[in-house]
Structures are given as C-alpha cells and as structure tokens.
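Trainee: take this sequence and fold it.
(one chain, ligands or ions: 2)
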Amino acid sequence: MDTKVINGNRSRPDHPPGCFEVVKGVADWLLSRTDVRPRIGMICGTGMGSVPGMINVRNEFAFEDIPHFPVSTVKGHAGKLILGFIGSVPVMCMKGRAHYYEGYDIAQCVLPVRVMKECGVTHMMISNAAGALNENFQVGDVMIMKDHVNFLGLAGVNPLRGISDDRFGPRFLLTSRIYDKEMRQMAKQAAKELGYESQFHEGVFAMVGGPNFETVAECRMLRMMGIDTVGMSTAHEALAGHHCGIKVFAFSIVTNKCDMEYDSGYHISHDQILASGFRMELMIRMWISTIISLLSAELEKTKS
Ligand SMILES: O=P(O)(O)O[C@H]1O[C@H](CO)[C@@H](O)[C@H]1O
Ligand SMILES: Nc1nc2[nH]cnc2c(=O)[nH]1
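Mentor: Ligands and ions are numbered 1, 2, ... in the order given. Predicted coordinates for the structure are as follows:
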C-alpha cells in the first residue's frame, strides 16, 4: 500500500475511505509491524490522555504515519495508536481521535474502528468528554452509555451510507442494542467493587456535530428529549463497531454542566474540559483495569 499519501487527500474514487480494501490494507500494514494480536480496542477521548499509561506498550504509531488514518488536530489528542497489553489482555488503543468537525468524512472518522475489527478486536471501549444535561450529574461523574441519539446519523451523516459491503456488516442494521449489556454490567460491578458507585450513572448520550457548544435553547431541547450527556464524538464509532460485530462499551466523563439558564454567567472552554478530564484519569484507569480483568475470563473462552 502507498504510505506516502498526504492526510486529507488519501482517498481515491475507486477506494473511498470506508471501503473494505483500504481497511484491510491498513490492518495488514499494522499487523506486519507488531506481534500483538489485539482483542480489546480502546478510543481515549478528551481528558483521557494518560489512561493509555496503564498499557505495557509493545508498539506505538503516530496516526500520521499510518496510511489512511485520520489525524487529530485537537489539543489533548496525542494522535498515537498503541499496541500492547493490559495484564495479559492484548489491546489496541487510540490515544485521541479525529472528529467529524475537524473536516473528515464520517467514513474516515470510523476507519480506525473497522481496522480494529480486521486486526482481531472483539470488544471495544470508547470514552468521550461530555456536558451534563441531567441535573443530577456532577462534574467528575461518569455515565455508562446505555443508548445514544446520533443527530448526525439521523440526518444522514452516517458511516453506513454508501456502498454496502457484507464483509463489514448488513445494509440495514438493528441499533436498539448497540451497547453490550454484559460489558455494561461488568462496568457497574467494577465501579461497585472500587467504591465509586455514587459517581457512576447509566444514561443516554447525544452526539452533535460541534465544534460549538450548545445554546441554552439547544440544551433545553436535548434535556426534554431525555438526553443525559452531550458531546461531539462516539456515536458514529459505536455504530461502526456494532455494524462489524464488535461488542461495544462506551462512557461519558462529565467535564462540565450544560448551560440551561439565560444570563447565568456560564462559561466553558476546551481547556477547562481537558482539566476536568485530567482530574478523573486515576479513577478511570482503576475502573478500566478492573473491567478488563472481569472481561479477561470471557475473552479466554472465545480465544481462537
Ligand atoms: O469527544 P471527545 O473526543 O472526548 O472530545 C470532546 O471534548 C471536545 C470539546 O472540549 C470535543 O471534541 C468533544 O467531542
Ligand atoms: N457538544 C458538547 N461537547 C462537549 N464536550 C465536553 N463538553 C461538551 C458540551 O458541553 N457539549
């Protein structure tokens, strides 16, 4: 595969970014450079930059050095793909992600998820920094995603749009059970074992296009719709993962509350969001390693 193509101009009409040949080519490129055969795929979002520190690293690649990979331009997203082990579990972990608002096609945004699948990933853990709409959520809390409202997907900005290739998954996909029940159960059990229960919730996330934060009217509308947290990532990745048969687990770290009142003097910035995330990293690391040790028994059972 040609690795010298420049990011942002890497697709050809006969090889669109989401096509199977490109995805397989990227997976083969990676697998030929590592001995790790990953089972868990991780996407670490804003504020989770040090979470991959728990990995016993075997190989690390900058996104820009991986053919076709979308490169993150957002502060706090290192743009590194790590292959290694958490305990005895082989993992593939993205330290940062590229977002739709950075200008990528939605199919390019989910290319790493499909590459994970082709590399052997069976379970995925995705994080996002999000604003809380639910009045009971506090900054520093975590919300396990039970479901999502994908505003982009509903409007047709959907990674499943375009030529349908059965090697990924079906044309028409059932999405009422995207977030794996067993993994959510393990995550709740892990929070309980660690004594974190009071900070953990389960709820509904909304993905919006960004990059602006929401108006007061938008926040009120989202809350009226029953949405608990809002962010600018994850739903498309979860959708692509579910589509290709990966078991998906995702969570929001609550980095801010949303602005529900006019003239409230409310202020939020990406730097504040990053700082809120950093404060939660130790807790998240403990929690994730507990989930992975609970998951490792299931992974053993399905070892090829
Ligand atoms: O979704 P992640 O990558 O965690 O990042 C969230 O934080 C950024 C805003 O501060 C946005 O990119 C939003 O999507
Ligand atoms: N859209 C959106 N994304 C976020 N990411 C972190 N906080 C927020 C927020 O309040 N809104």
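Trainee: please make it C-alpha for all contacts and neighbour counts, starting now.
Mentor: Noted.
Trainee: interface residues of this protein facing ligand 2?
Mentor: Counting by Cα under 6 Å from any ligand atom, the chain comes close to ligand 2 at 129-131, 208, 210, 213-214, 230-232, 255-256, 258.
Trainee: all helices of the stretch 1-150 of the chain, in order?
Mentor: Using DSSP state H, counting those that start in this stretch, the helices of the stretch 1-150 of the chain run over 20-31, 106-109, 111-118.
Trainee: okay, the ones you listed in a markdown table with distance to Lys188, mean pLDDT and mean neighbour count next?
Mentor: Converted to a markdown table, the helices of the stretch 1-150 of the chain look like this (distance: least, Cα to Cα, whole Å; pLDDT from 0 to 100; neighbours: other Cα atoms under 10 Å):
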| stretch | distance to Lys188 | mean pLDDT | mean neighbour count |
| --- | --- | --- | --- |
| helix 20-31 | 32 | 96 | 19 |
| helix 106-109 | 29 | 96 | 24 |
| helix 111-118 | 24 | 98 | 25 |
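Trainee: just to revisit the earlier point, of the residues of the chain next to ligand 2, which belong to strands?
Mentor: 129-131, 230-231, 255-256 (DSSP state E).
Trainee: looking at the residues of the chain next to ligand 2, which is nearest Pro67?
Mentor: Distance to Pro67, by Cα to Cα, is smallest for Met232 among the residues of the chain next to ligand 2, at 24.6 Å.
Trainee: returning to what we had before: tell me which of the helices of the stretch 1-150 of the chain sits nearest to ligand 1.
Mentor: Smallest distance to ligand 1 across the helices of the stretch 1-150 of the chain (Cα to the nearest ligand atom): 11.5 Å, for helix 106-109.
Trainee: now do the same end-to-end measure for stretch 138-156.
Mentor: Taking Cα to Cα, to the nearest Å, stretch 138-156 runs 33 Å from one end to the other.
Trainee: same question, stretch 250-265
Mentor: Span of stretch 250-265 from end to end, Cα to Cα: 32 Å.
Trainee: check stretch 206-225 too.
Mentor: Stretch 206-225 has an end-to-end distance of 10 Å (Cα to Cα).
Trainee: is any part of that stretch close to ligand 1?
Mentor: No - using Cα under 6 Å from any ligand atom, stretch 206-225 stays clear of ligand 1, coming no nearer than 6.7 Å.
Trainee: before we move on, the earlier item: can you say which of the residues of the chain next to ligand 2 are buried?
Mentor: Buried by 16 or more other Cα atoms under 10 Å: 129-131, 208, 213-214, 230-232, 255-256, 258, out of these.
Trainee: which bits of this protein sit near ligand 1?
Mentor: Neighbours of ligand 1 within the chain, by Cα under 6 Å from any ligand atom: 45-46, 128-129, 231-233, 270, 273.
Trainee: and the residue most central in space within the chain, what is it in contact with?
Mentor: Residue closest to the average C-alpha location in the chain (Cα atoms, centre = their mean): Ile126, at 3.3 Å. If you count contacts by Cα atoms under 8 Å, 6 or more residues apart in numbering, Ile126 has them with 42-45, 234, 238, 248-251.
Trainee: average pLDDT for the strand or helix carrying Ile288, rounded please.
Mentor: Following DSSP states H and E, one finds Ile288 within helix 270-301. Mean per-residue pLDDT for helix 270-301: 93.
Trainee: now it: buried residues?
Mentor: By 16+ other Cα under 10 Å, the buried positions in helix 270-301 come out as 270, 273-274, 276-278, 280-281, 284-285, 287-296, 299.
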